[in-house]
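>>> Requesting a structural model of the entry that follows:
(one chain, ligands or ions: 2)
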Amino acid sequence: MFSIDCHNVKKSETSTLPSLRVLIVEDSYMDYGLLVRLLGVAGYTVDPKRVETAEAMREALAEKSWDAVISDHNMPDFSSTAALQILKETGVDVPFIIVSGAIGEDIAVEAMIAGADDYILKSRLPRLVPALRRSLAAAATRRAERAAQARLRLLSSHLELVKEMERKSIAREIHDDLGGLLTGMAFDLSWLRSNAASDAVKDRLNSMQGTLMQASASIEHIMRELRPPILELGIVAAVEWQAREFSRRYGTPCHFTTNREVITMREEYSAAMFRICQESLSNVARHAGAKTIRIEMFADNDSVALEVIDDGFGFSDENQLKAGSYGLLGMRERAASLDGWLEVSSAPGRGTSIMLSLPLIERVFEVGEAS
Ligand SMILES: Nc1ncnc2c1ncn2[C@@H]1O[C@H](COP(=O)(O)OP(=O)(O)O)[C@@H](O)[C@H]1O
Ligand SMILES: [Mg+2]
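Residues are numbered from 1 along each chain as shown. Ligands and ions are numbered 1, 2, ... in the order given. Have a look, this model is predicted:
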């Protein structure tokens, strides 16, 4: 039992403090009443509830959302330590303040490390309101930061999609526009060649035809880079193709395994996975000196993982942050912008593994996209 001197508690200057849904973990009904009164005197419109067991606390947390939890430290069937643990388990970020008749410094420190926002001795109860205000403001800042981060991730993932759509549309324009013009020129050239008056003109026209073929090849190449056509067959086929291409080009075996024949991913996700795989393989070719490479793809209902493993030279952590090296950095950023993650494990002489995980988000058709 404790008493308060309400005259020591300043009423809010504006006296328009917001309503406060406060869960009070307290075995003494009288102490609970005093706490509620104290908060009321401070200007809060209090919406309180008292619990004194773990079960009741869990129920209260599930029942509605709370602005703060104030907990006694020692109760016959419960403690602030257990109450804090329960709050943390729910993952809800609200201030947790311990109000105790006697709490040792070591227990207080432990509680703060475990995530309590503050602790108040019952003999110094007027400290509660300022501590509560501070903790509420800190929690609001944390929430705002999380919301800003979520918005940023949403924006980044939207940018990824826009980038892919843009690439696709440029590839289409190049194909339809430039491709058509080159075909027309090739026809005219062949007519001119067969009607050329002299050998000198014929030679020039032959050389022009060679240049025209080079231009076609270069357009093909640019189009493939902009939008790998193999991606149209799905991410599994596209990664399998990369493994085959790698083995063929470098003569180093690259084995591909997957737990699913078909994985349906949204366009910006499959494009990101494809490009990260491409960049990982290009690193293997440039830096690893590997004898074999394995690419493993694993999908469950929520995510797709891709791992590129080589048995090459490996590298130390410092190499990851080399000036002018943006490959690994870019892969990480790309994964994070889509709410996924990338893990690099490597050590000199131990080979390298690049593990990417992307969430499997339901395929939605964007405006302007063919269905
Ligand atoms: N598979 C690998 N095997 C050995 N070393 C690697 C591998 N991947 C990356 N590295 C090392 O990490 C560095 C950074 O890689 P990255 O960020 O892709 O930049 P870059 O390839 O342009 O150098 C490389 O320069 C290389 O030293
Ligand atoms: Mg690289």
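
>>> Every contact and neighbour count from this point should use C-alpha atoms.
Will do.

>>> Report the buried residues of stretch 94-109.
Within stretch 94-109, the residues that qualify as buried are V94, P95, F96, I97, I98, V99, S100, G101, I103, A108, counting by 16 or more other C-alpha atoms under 10 Å.

>>> Could you list the residues in contact with it?
2, 66-74, 80, 84, 115-123, 132, 135-136, 139 (C-alpha atoms under 8 Å, 6 or more residues apart in numbering).

>>> Look up which residues are beta-bridged to the residue lying closest to L342 once chain neighbours are set aside.
Nearest residue to L342, sequence neighbours excluded (C-alpha to C-alpha, 6 or more residues apart in numbering): L356, at 4.5 Å. For L356, the beta-bridge partners are L306, L342 (DSSP bridges).

>>> Starting from the helix or strand of the chain with the lowest mean pLDDT, tell me the next helix or strand along the chain.
Across the helices and strands of the chain, mean pLDDT, DSSP states H and E gives its lowest value to helix 317-320, namely a mean of 81. Using DSSP states H and E, the helix or strand that follows helix 317-320 in sequence is helix 327-337.

>>> if we look at that next one, which residues are touching it?
By C-alpha under 8 Å, 6+ apart, helix 327-337 touches 153-154, 156-157, 160, 272, 276, 279, 320-321, 341-342, 356-358.

>>> tell me which residues of it are tucked away?
So helix 327-337, judged by 16+ other C-alpha under 10 Å, has buried residues L328, M331, R332, R334, A335, A336, S337.

>>> swap in stretch 79-93?
S79, S80, T81, A83, L84, Q85, I86, L87, K88.

>>> which residues sit against that stretch?
Here stretch 79-93 has contacts from 25, 54, 57-58, 61, 71-74, 96, 98, 111, 114-116, 139, 143, using C-alpha under 8 Å, 6+ apart.

>>> again, only using 6 Å
The contact list for stretch 79-93 (C-alpha atoms under 6 Å, 6 or more residues apart in numbering) reads S71, H73.

>>> and the top helix by length along the chain with helix 327-337, angle?
For the chain, the helix that runs over the most residues, judged by DSSP state H, is helix 128-173. Computed with axes from the mean of the first three to the mean of the last three C-alpha atoms, to 10 degrees, the direction of helix 128-173 lies at 110 degrees from that of helix 327-337.

>>> any idea of the mean pLDDT for the helix or strand following helix 128-173?
Downstream of helix 128-173, the next assigned helix or strand under DSSP H and E is helix 179-194. Taken as a whole, helix 179-194 carries a mean pLDDT of 91.

>>> Can I get helix 179-194 in CSV, CA atoms only?
Coordinates of each C-alpha in helix 179-194 appear next as CSV, following Å, rounded to 0.1, in the frame of the first residue of the first chain:
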residue,chain,number,x,y,z
GLY,A,179,14.1,-3.5,-85.4
GLY,A,180,11.5,-2.7,-88.0
LEU,A,181,13.6,0.1,-89.6
LEU,A,182,16.7,-2.2,-89.8
THR,A,183,14.6,-4.9,-91.5
GLY,A,184,13.5,-2.3,-94.1
MET,A,185,17.1,-1.2,-94.6
ALA,A,186,18.2,-4.8,-95.1
PHE,A,187,15.6,-5.2,-97.9
ASP,A,188,16.7,-2.0,-99.6
LEU,A,189,20.3,-2.9,-99.3
SER,A,190,19.8,-6.3,-100.9
TRP,A,191,17.9,-4.7,-103.8
LEU,A,192,20.7,-2.1,-104.2
ARG,A,193,23.3,-4.8,-104.2
SER,A,194,21.6,-6.8,-106.9
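
>>> Which elements pack onto that helix?
On a contact count with 3 or more C-alpha pairs under 6 Å, 6 or more residues apart in numbering; DSSP states H and E, helix 179-194 meets no helix or strand.

>>> Now it: buried residues?
Applying 16+ other C-alpha under 10 Å to helix 179-194 flags G179, L182, A186, L189, R193 as buried.

>>> need the contact list for the second one.
Contacts for L182 were tallied using C-alpha under 6 Å, 6+ apart; there are none.

>>> For A243, see how far away L356 is.
Relative to A243, L356 is positioned 16 Å away (C-alpha to C-alpha, to the nearest Å).

>>> right, I mislabeled it, should have said T183
In terms of C-alpha to C-alpha, T183 sits 33 Å off from A243.

>>> in the protein, which spans are helices?
29-41, 54-63, 80-90, 105-114, 128-173, 179-194, 199-226, 235-250, 267-283, 317-320, 327-337.

>>> list the helices and strands the fifth one packs on?
Under the contact criterion of 3+ C-alpha pairs under 6 Å, 6+ apart, the helices and strands touching helix 128-173 comprise helix 327-337.
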